[in-house]
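*Asks:* Just a sequence and a predicted model for now, questions to come.
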Amino acid sequence: MVTNYTEWKAAVTAEHKKLFDASHYLNDNGEERKRVFSTLTSLADFCDTPEELLAWIESRYGFDKYDMAAIESGHATLAIKALRKIAKKGGEEK
């Protein structure tokens, strides 16, 4: 269980790496999950706080159709929910 933004980013990055490493074996569902975690990882690279990332995700500013599909995917639900909890608690507090 992640408790702060640093851990959240590490977990999202680790999930993307795991899926990327298994790319040749993924079905369509797995490929979608990989795209979701790739998008979340990329977005997080531009945000210093969970509040900033959450605001960007909610505004969808500058998102293309692939970004939109990724954040609206069921695969993103738990990661975004965890991000909301972290933002509510204050981000980097442990």
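*Replies:* Done, it's in.

*Asks:* so which strand or helix has the residue minimising distance to the centre of the chain?
*Replies:* The chain has residue 40 as the residue nearest its centroid, 3.0 Å off, counting by Cα atoms, centre = their mean. Element membership for residue 40 (DSSP states H and E) is helix 28-45.

*Asks:* can you list the weak-confidence ranges in the chain?
*Replies:* 91-94 (pLDDT under 70).

*Asks:* All the helices of it, residue numbers only.
*Replies:* Assigned helices in the chain, in chain order: 5-21, 28-45, 50-59, 65-72, 74-89 (criterion: DSSP state H).

*Asks:* Mind listing residues that contact the shortest one?
*Replies:* Right, the one you point to is helix 65-72. Helix 65-72 has contacts (Cβ atoms under 8 Å, 6 or more residues apart in numbering) with 35-36, 38-40, 43, 57, 60, 63, 76, 80. All C-beta spots, glycine's among them, are computed from the backbone N, C-alpha and C.

*Asks:* change it to 6 Å
*Replies:* For helix 65-72, the external contacting residues (Cβ atoms under 6 Å, 6 or more residues apart in numbering) are 35-36, 39, 57.

*Asks:* again with the longest one
*Replies:* Outside helix 28-45, the residues that touch it by Cβ under 6 Å, 6+ apart are 9, 12-13, 15-16, 19, 53, 67, 70, 73, 75-76, 79.

*Asks:* so can I have CSV of those residues showing neighbour count?
*Replies:* Shown next, in CSV, are these (neighbours: other Cβ atoms under 10 Å):
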residue, neighbour count
9, 19
12, 23
13, 16
15, 19
16, 20
19, 21
53, 24
67, 17
70, 23
73, 14
75, 20
76, 22
79, 19
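
*Asks:* Would you check which pair of those lies furthest apart?
*Replies:* 19 and 53 (20.1 Å; Cβ to Cβ).

*Asks:* related to what we said a few turns ago, and of the contacts of helix 28-45, the nearest to residue 26?
*Replies:* residue 19 (6.7 Å).
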